[in-house]
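[1] sequence and predicted structure below; questions after.
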Amino acid sequence: MGGAVLGIDKPYGWTSARVVAWVKHHLAARKAGHAGTLDPLATGLVLVATEAATKLISQLQAYEKEYYALLRLGYRTPSDDAEFAPEVVGPPPLLSVAERQALLQEFLGELWQRPPAFSALKLQGQRAYRLARKGAIVSLTPRPVQVFQIEEVAYDPPERWLVRLVCGKGFYVRSFARDVGERLGCGAYLAALRRTRIGPYHVLQALQPDGSHLQYGRSPQYGSLPR
C-alpha cells in the first residue's frame, strides 16, 4: 500500500496520539504516525502519515509551521500555558503600536530559546515534564530556533495579545509567551494556541475528527479572542 499524508484538525483536549489512533481506526490503516506533536490544549493541524508514507515523517517535521498564539499578560503558570491556574505577577503595561511592533521584532530571525520545563525533552534520562510534575526544578539548555514571520493580529489591552508566528523546527510557542512576559517584567503565558499550517499543508483543507469543534474561534483559520 502506498499510504498517504493526511492533515487533521486536532480538537481541543486531544493528544496527537489520539489523532493517530482516530486515523488508524477510520481509515483502517495498519501503520500510522504523526509528524510533530501538538499539545492537548492546542488545536489545529497535525499531519499523519499512513503505511509507506510514514517514511516521509522526518521530511514533514522539517517544514515551517504557522501558529496563532493568544498571550495573556500579567500572569504566569508552571507549564507556560493554560494547564495550570495562572498566578498573578503584576499589572501589564499599556503598550503602544510602536512598542508592540518593536517587541515582536526582537523575536524575528535566529535566536536562542530555552524550552519549557513541561516538555518532552529528556533531562537526566527522563522526560522533562515528568520531572517537573514531581516538583523538580527543571532548567533546560537554550537551543537555536528560527522565526521567519511574526505579526500582531489583535490587541485587547492590557492583558490579551493575539500574535501570528511562522517558525522553524523546535520552536516552542509556550517559551515565546514566557519570554514576552519576562521582557515586559509582568509575566505572560500561552492562553490558547492554534496551528494553521505546516509547509504546504493548511488546516482549511484538514479533516475534522468525530465530535471536533472550534474550541475558541469562529473561523477555521484563527479564533476570536476567547474570554
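    Here it is on my side, so go on.
[2] how many other residues sit next to Arg72?
    Counted with other CB atoms under 10 Å, the neighbours of Arg72 add up to 23. (C-beta placed from N, C-alpha, C; glycine too.)
[3] to clarify, my last question referred to Arg178.
    25.
[4] equivalent analysis for Pro209, please.
    17.
[5] next: Pro200.
    Applying other CB under 10 Å, we find 7 residues neighbouring Pro200.
[6] that one and Lys65: what is the separation?
    Distance, Pro200 to Lys65, using CB to CB, to the nearest Å: 12 Å.
[7] Gly90 is in contact with Gly185, isn't it?
    Yes: Gly90 is in contact with Gly185 according to CB atoms under 8 Å; the separation is 7.2 Å.
[8] what segments of the chain are strands?
    5-10, 32-34, 43-50, 65-73, 75-76, 87-88, 109-113, 122-123, 126-127, 143-156, 160-167, 188-198, 201-202 (DSSP state E).
[9] what's the least confident stretch among these?
    Lowest mean pLDDT of the strands of the chain: strand 122-123, a mean of 56.
[10] residues touching Arg100, list them.
    Taking CB atoms under 8 Å, 6 or more residues apart in numbering, we find Arg100 in contact with 152, 155, 161.
[11] 10 Å - rerun?
    152, 155, 157, 161, 163 (CB atoms under 10 Å, 6 or more residues apart in numbering).
[12] repeat that for Arg178.
    71, 76-77, 79-81, 113-114, 116-117, 172, 187-190.
[13] of the residues you listed, closest to Asp39?
    Asp81 (6.8 Å; CB to CB).
[14] my read: the closest one touches Phe176, true?
    No: here Asp81 does not reach Phe176: they are 11.2 Å apart, not a contact under CB atoms under 10 Å.
[15] looking at these two, which is more packed in?
    Phe176 (27 against 24).
[16] the more buried one contacts Gln113, doesn't it?
    Yes: in this structure, Phe176 is within contact of Gln113 by CB under 10 Å, at 7.5 Å.
[17] burial count for Pro40?
    17.
[18] can you tell me how far it sits from Leu193?
    11 Å.
[19] what do you get for Gly74?
    19 Å.
[20] who has more neighbours, those two?
    Legend: neighbour count by other CB under 10 Å for Gly74 and Leu193, higher for Leu193 (24 against 20).
[21] beta partners for the closest residue in space to Ala42 that isn't next to it in sequence?
    Nearest residue to Ala42, sequence neighbours excluded (CB to CB, 6 or more residues apart in numbering): Leu193, at 4.0 Å. When bridges are called by DSSP bridges, Leu193 pairs up with Ala69.
[22] pull the contacting residues for Leu193.
    Leu193 neighbours (CB under 10 Å, 6+ apart): 38-39, 41-44, 67-71, 81-82, 165, 173-174, 177, 216, 223.
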